[in-house]
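# Coordinates only, no sequence provided:
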Ligand code: NAD
């Protein structure tokens, strides 16, 4: 399993493997870039089919964190960790403590947080062996859950994108289709409802749809119908890769602005959106509220400063939209360029 010649290897600074015989822990930490600060990124526990799948994930995700933190003006680098195993079967206190020892061994160059397959309580357990954790705050209303801040950031970004593309001063009467009304999507829906937007929602979990219908007066839509609705904004808040050849052919919205990670199935879909004059708010820019929150939790910054920082997502998007327009390039490409300018000179 080669690392330096791996297709997802992109000048990563450090890739570390760890095995603890007693607990059975097998884990990889990838630190992509620390020019701007220590590498912060979640710890994913997943039943990977093989080691290469785990390596692929950790290389790709750690790189993504460098871009997300840089574009969000945080003094953080990008990193990620993966634990190979089924979280429902293999997760034990001993395994999490061993993960804490692994993180500790990197001396603070990598800071962990929750991700798929790990919860705040697991990070707290890891934190019994290392101080290099984030997202565990007992005295906060949210208990460290980043979803409310992520949702607020998406709301701010969606408003900026709608204003940019539709020329509207407010979201009153603006039609928004939301795919996935879970932790982030529902909170986003609530902000939008309070701002007067008209909501259309879909979710594979019926109770989540019902909640949005009964509490926010949203209109329920079946599955894939969400793409072809005659709305102003499409907000993907469920899955990745949902901007693809099939969905783009159906999308009537002038703006795509949502929380989901890795929305573009392929990089080229950013350019296709540009050609179709659909304004795309790059996912890792608009959904950065969570990492911004984690940064403030770690550095002890006040909640007002956090709110102001998250509201900066709107300005960052406008900077990206302006530059993309001037240079005739896609917004996704310009977001990458700006992030690279920031972390390369850090
Ligand atoms: P969640 O699991 O709480 O919500 C996702 C919702 O999408 C669920 O209600 C689920 O039933 C629904 N869903 C799944 N598949 C669907 C489908 N095919 N069609 C319609 N609905 C479907 O997750 P979340 O924390 O709200 O995160 C949503 C997205 O935002 C994810 O892509 C996540 O990676 C991304 N994100 C979340 C955060 C955060 O702070 N939670 C931060 C950055 C990015």
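That came through fine. Because the structure is predicted, anything quoted here is derived from the model rather than measured. Numbers count the residues shown, from 1 in each chain.
# Now do the contacts for residue 112.
40, 41, 42, 43, 81, 99, 103, 123, 126, 132, 133, 134 (C-beta atoms under 8 Å, 6 or more residues apart in numbering). Any C-beta I mention is one placed from the backbone N, CA and C, and that applies to glycine too.
# per-residue confidence at the last one?
Looking at residue 134, its pLDDT is 89.
# Of the contacts of residue 112, which is the nearest to the ligand?
Nearest to the ligand, judged by C-beta to the nearest ligand atom, of the contacts of residue 112 is residue 42 at 9.6 Å.
# who in the stretch 1-150 of the chain is up against the ligand?
Contact residues (C-beta under 6 Å from any ligand atom) of the stretch 1-150 of the chain with the ligand: 146, 147, 150.
# how many neighbours does the residue of the stretch 51-200 of the chain found nearest the ligand have?
The ligand sits closest to residue 182 of the stretch 51-200 of the chain, with a gap of 1.9 Å, by C-beta to the nearest ligand atom. Neighbour count of residue 182, defined by other C-beta atoms under 10 Å: 15.
# got the contact list for the spatially closest residue to it that is not a sequence neighbour?
Leaving aside its sequence neighbours, residue 182 sits nearest to residue 208 (C-beta to C-beta, 6 or more residues apart in numbering; 6.1 Å). Shown in contact with residue 208 (C-beta under 8 Å, 6+ apart): 181, 182, 185, 186.
# Those residues in helices, which ones?
Members of the contacts of residue 208 lying in helices (criterion: DSSP state H): 185, 186.
# any idea how far the residue nearest to residue 176 when sequence neighbours are not counted is from the ligand?
Among residues not flanking residue 176 along the chain, residue 233 sits closest, at 4.5 Å (C-beta to C-beta, 6+ apart). Using C-beta to the nearest ligand atom, to the nearest Å, one gets 16 Å for the distance from residue 233 to the ligand.
# What segments of the stretch 1-150 of the chain are strands?
Secondary structure of the stretch 1-150 of the chain (DSSP state E, counting those that start in this stretch): strands at 14-20, 25-33, 39-40, 43-46, 77-84, 110-111.
# Which strands or helices does the fifth one pack on?
Under the contact definition 3 or more C-beta pairs under 8 Å, 6 or more residues apart in numbering; DSSP states H and E, strand 77-84 sits against strand 25-33, strand 39-40, strand 43-46, helix 51-71, helix 93-105, strand 110-111.
# now swap in the fourth one and tell me
Helices and strands touching strand 43-46, by 3+ C-beta pairs under 8 Å, 6+ apart, are helix 51-71, strand 77-84, helix 87-90, helix 120-126.
# how does it look with 10 Å?
Contacting strand 43-46 under the criterion 3 or more C-beta pairs under 10 Å, 6 or more residues apart in numbering; DSSP states H and E are the following elements: strand 25-33, helix 51-71, strand 77-84, helix 87-90, helix 93-105, helix 120-126.
# So which bits of the fourth one are buried?
Right, the one you point to is helix 87-90. Under the neighbour-count criterion of 16 or more other C-beta atoms under 10 Å, helix 87-90 has 87, 90 buried.
# same question, the first one
Buried residues in strand 25-33, counting neighbours by 16+ other C-beta under 10 Å, are found at 25, 26, 27, 28, 29, 30, 31, 32, 33.
# Surely the second one touches residue 51?
Yes. With contacts counted by C-beta atoms under 10 Å, residue 26 reaches residue 51, the gap being 8.0 Å.
# Report the set of residues contacting both of the two.
With contacts taken as C-beta atoms under 10 Å, 6 or more residues apart in numbering, the residues that reach both residue 26 and residue 51 are 17, 84.
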